[in-house]
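Novice: using only what follows, build the 3D model:
(2 chains)
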Amino acid sequence: DTGVSQDPRHKITKRGQNVTFRCDPISEHNRLYWYRQTLGQGPEFLTYFQNEAQLEKSRLLSDRFSAERPKGSFSTLEIQRTEQGDSAMYLCASSSLDTLAEAFFGQGTRLTVV
Amino acid sequence: KQEVTQIPAALSVPEGENLVLNCSFTDSAIYNLQWFRQDPGKGLTSLLLIQSSQREQTSGRLNASLDKSSGRSTLYIAASQPGDSATYLCAVTGGSYIPTFGRGTSLIVHP
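Specialist: Below is the predicted model:
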């Protein structure tokens, strides 16, 4: 297993366009998280899945954002009608249900809205 | 709501110094605490994880301690090297199993 994989690594889009990011967690990790990080800030929580169930969503996740994890494996994060304020690094993480609950992160998707 | 604070925000030191990075959190009902390293434009690399029942963890030149009752953790880096230059992030996980992050400490170790 090569760890958490995110695609694409970079995305440049025009304001108003829709974008979709993909995250492949570590195999057999039940928990999957999406975070957003802007320059000079720590990662901010967006949403969390346990298997295919979306258990929690942050207030940061506006109506333009939607996330899915249809079969409890990979996940997608879609942003509709992108705005310049959506420019950020989008990070995905996964963890198992064991007692450690150690989180492992992917390399992130850098979104630039022009 | 859990709040995580990291001090200092930035640190610049000469090679060879021993360093202490600080992390404090407001809700002591935590499940674990993780320290991460982040290089510019990259994702996060897990350095150390301390479970709530533990007091410290060590990996090579890194040692992390946890004082849950006072809401504090420190990351000690011994004999710093230029390759240690990065941002160090502290994340606290509570019963919701959602890690909450501080803003990080940006470290520069110059030769």
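Novice: ends of stretch B:96-110, what's the gap?
Specialist: 40 Å (C-alpha to C-alpha, to the nearest Å).
Novice: so for it, mean pLDDT?
Specialist: For stretch B:96-110, the mean per-residue pLDDT is 95.
Novice: tell me which parts of chain B are close to chain A?
Specialist: Residues of chain B lying close to chain A by C-beta under 8 Å from any C-beta of the partner chain are B:4, B:6, B:31-32, B:34, B:36, B:41-46, B:49, B:51, B:89, B:91, B:93, B:96-104. The way it works is simple: take the backbone N, C-alpha and C, and place the C-beta from them, glycine included.
Novice: which element is the most centrally placed residue in chain A on?
Specialist: Note on chain A: the residue nearest the mean C-alpha position is residue A:34, at 3.3 Å, using C-alpha atoms, centre = their mean. Using DSSP states H and E, residue A:34 maps to strand A:31-37.
Novice: buried subset of the residues of chain B next to chain A?
Specialist: B:4, B:6, B:31-32, B:34, B:36, B:43-44, B:49, B:51, B:89, B:91, B:93, B:97-104 (16 or more other C-beta atoms under 10 Å in any protein chain shown).
Novice: and stretch B:21-37, how far apart are its ends?
Specialist: 12 Å.
Novice: any buried residues in that stretch, and which?
Specialist: Across stretch B:21-37, burial judged by 16+ other C-beta under 10 Å covers B:21, B:23, B:24, B:25, B:30, B:31, B:32, B:33, B:34, B:35, B:36, B:37.
Novice: residue contacts, the nearest residue to the second one once chain neighbours are set aside?
Specialist: In space, not counting the residues next to it along the chain, residue B:23 is nearest to residue B:90; the distance is 3.5 Å by C-beta to C-beta, 6 or more residues apart in numbering or on different chains. For residue B:90, the set of contacting residues under the criterion of C-beta atoms under 8 Å, 6 or more residues apart in numbering or on different chains consists of B:4, B:6, B:21, B:23, B:33-36, B:73, B:75, B:101-102, B:104.
Novice: residue B:90 belongs to a strand?
Specialist: Yes - with DSSP: H, G, I helix; E, B strand; the rest coil as the criterion, residue B:90 is located in a strand.
Novice: distance of residue B:21 from residue B:49?
Specialist: Distance of residue B:21 to residue B:49, given as C-beta to C-beta, to the nearest Å: 16 Å.
Novice: with residue A:93 instead?
Specialist: Residue A:93 sits 13 Å away from residue B:49, going by C-beta to C-beta.
Novice: how about residue B:65?
Specialist: Going from residue B:65 to residue B:49 by C-beta to C-beta gives 13 Å.
Novice: same check, this time on residue B:67
Specialist: Distance of residue B:67 to residue B:49, given as C-beta to C-beta: 16 Å.
Novice: quick check: residue A:22 touching residue A:74?
Specialist: Yes - if you go by C-beta atoms under 8 Å, residue A:22 and residue A:74 touch, sitting 6.1 Å apart.
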